[in-house]
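A.B. asks: Return atomic coordinates for the entry below.
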Amino acid sequence: MDFAADTLPAARGRGVATRATRAVTSWAFRMADARRIEIAHAVGNEASCRVAHRCGYLPEGTLRDSHRFGDGTYHDEHLHARLATDPDPTNPTGEPTVYGNPTTGQASDTSR
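C.D. replies: Numbers count the residues shown, from 1 in each chain. Here you go, the predicted structure:
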């Protein structure tokens, strides 16, 4: 599910998608014994990318032509994942200070 895209326009920018993603993630790891959770979003969907980062999901790569959206054509998606053993985000904004490059998998500092 693309929480950021599925959030009603009036609720966007208020942290609703981030809170929902954190709640579902926490529940899945604690109650459903999930080991790994993935989030995929359309390349260029910056809002969904920010939600994934704020919730501690690390970028893992680009899935080429992976999902057919409403326009009927397949689009690339960015894949983020979080493991049950990954630490919870500790930054008050939920924004990690170091991200991995989804293409190369290498860490890159975005705090500049």
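A.B. asks: Check which helices and strands the helix ranked longest in the chain sits against.
C.D. replies: Among the segments of the chain that qualify as a helix by DSSP state H, the longest is helix 16-30. For helix 16-30, the elements it packs on are helix 3-6, strand 36-42, helix 46-54, judged by 3 or more C-beta pairs under 8 Å, 6 or more residues apart in numbering; DSSP states H and E. Bear in mind the C-beta positions are built from the backbone N, C-alpha and C, glycine included.
A.B. asks: Just name the most buried of the ones you listed.
C.D. replies: With neighbours defined as mean count of other C-beta atoms under 10 Å, these peak in mean count at helix 46-54, which reaches a mean of 20.
A.B. asks: Strand 36-42 and that one, what's the angle between them?
C.D. replies: Here helix 46-54 runs at 160 degrees with respect to strand 36-42, directions being taken by axes from the mean of the first three to the mean of the last three C-alpha atoms, to 10 degrees.
A.B. asks: how about the closest residue to Ile37 other than its chain neighbours, secondary structure?
C.D. replies: Closest residue to Ile37 in three dimensions, ignoring its sequence neighbours and counting by C-beta to C-beta, 6 or more residues apart in numbering: Arg82, at 5.4 Å. Three-state assignment for Arg82 (DSSP: H, G, I helix; E, B strand; the rest coil): strand.
A.B. asks: Show the contacting residues for Arg82.
C.D. replies: With contacts defined as C-beta atoms under 8 Å, 6 or more residues apart in numbering, the neighbours of Arg82 are Thr25, Arg36, Ile37, Cys55, Gly56, Tyr57, Leu58.
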